[in-house]
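Chemist: sharing a model that was predicted from the sequence below.
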Amino acid sequence: MFVELQLSATLTNVASFIAEGDDFRWYIKAKCSNCGEEPQHFVYVAADESTEVKGGRGSANLVVKCKMCNRENSISIVDGSVRAYTSDTAQFQSVVRFECRGMEPTDFSPRTGWQVTAEDSGVMFPDVDLQEGEWCDYDEREDREVGVYEVKSSFKTVKG
C-alpha cells in the first residue's frame, strides 16, 4: 500500500519549504493493519536508514514488530518522492510517499530539519523547526517577515 503525507500551511512571504536531506526524520504514529493496535508514541522513518525485513523480503527504512500480534511491519520512503510544499492557499499537498507493509500512518509530527525558501529574495532558512505548527523569521534582503503557520497534516492512500 502506498500512502502520501499531505501538508497544508499558511505561508507569509515564503516560496516553499521542504524536508532537508536523506537524514530527515519523518515522525509518524502508525497502526497495525493486522490487529489495529496503535501505539501512542511517534516513531521516525528516515531515507538514510535501512533495516533488513525478516524472511528475505529485502529492507525497509522502518521495521516495527507489533506488540499485540507480533507481526513484523515496515514502511519505506519511495525514492524521489520528497517534494516541496509551495502553496500559499492552505491547500493540502503531498510532500512524501511511503510504501507501507502491514502498517498504516495515522498521525505526523513535523519537528525539525525543514528548509524554508523566502519569496522573491530566495533566501534559505535551514534546519527550521515546525514542531509547534508554526515558524517565523526575518528576510533582511526584502526587509520583511517570513513565516509558516497553521501546519496541518493528513494521509492519502494512492496507487503505486
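Modeler: Sure, I can see it. Residues are numbered from 1 along each chain as shown.
Chemist: how far does the helix or strand of the chain with the lowest mean pLDDT sit from its chain's centre?
Modeler: Ranking every helix and strand in the chain by mean pLDDT, DSSP states H and E puts strand 51-52 at the bottom, with a mean of 94. Centroid separation between strand 51-52 and its chain, computed with CA atoms, centre = their mean, to the nearest Å, is 21 Å.
Chemist: now swap in stretch 79-90 and tell me
Modeler: Mean-position distance between stretch 79-90 and its chain equals 10 Å (CA atoms, centre = their mean).
Chemist: so for it, what's the average pLDDT?
Modeler: Mean pLDDT, stretch 79-90: 89.
Chemist: and the contacts of stretch 129-142?
Modeler: 12-13, 17, 109-112, 114, 116, 118-121, 123, 125, 128, 144-152 (CB atoms under 8 Å, 6 or more residues apart in numbering). (Each C-beta comes from the backbone N, C-alpha and C, glycine too.)
Chemist: buried residues, that stretch. List them.
Modeler: 130, 135, 137, 139 (16 or more other CB atoms under 10 Å).
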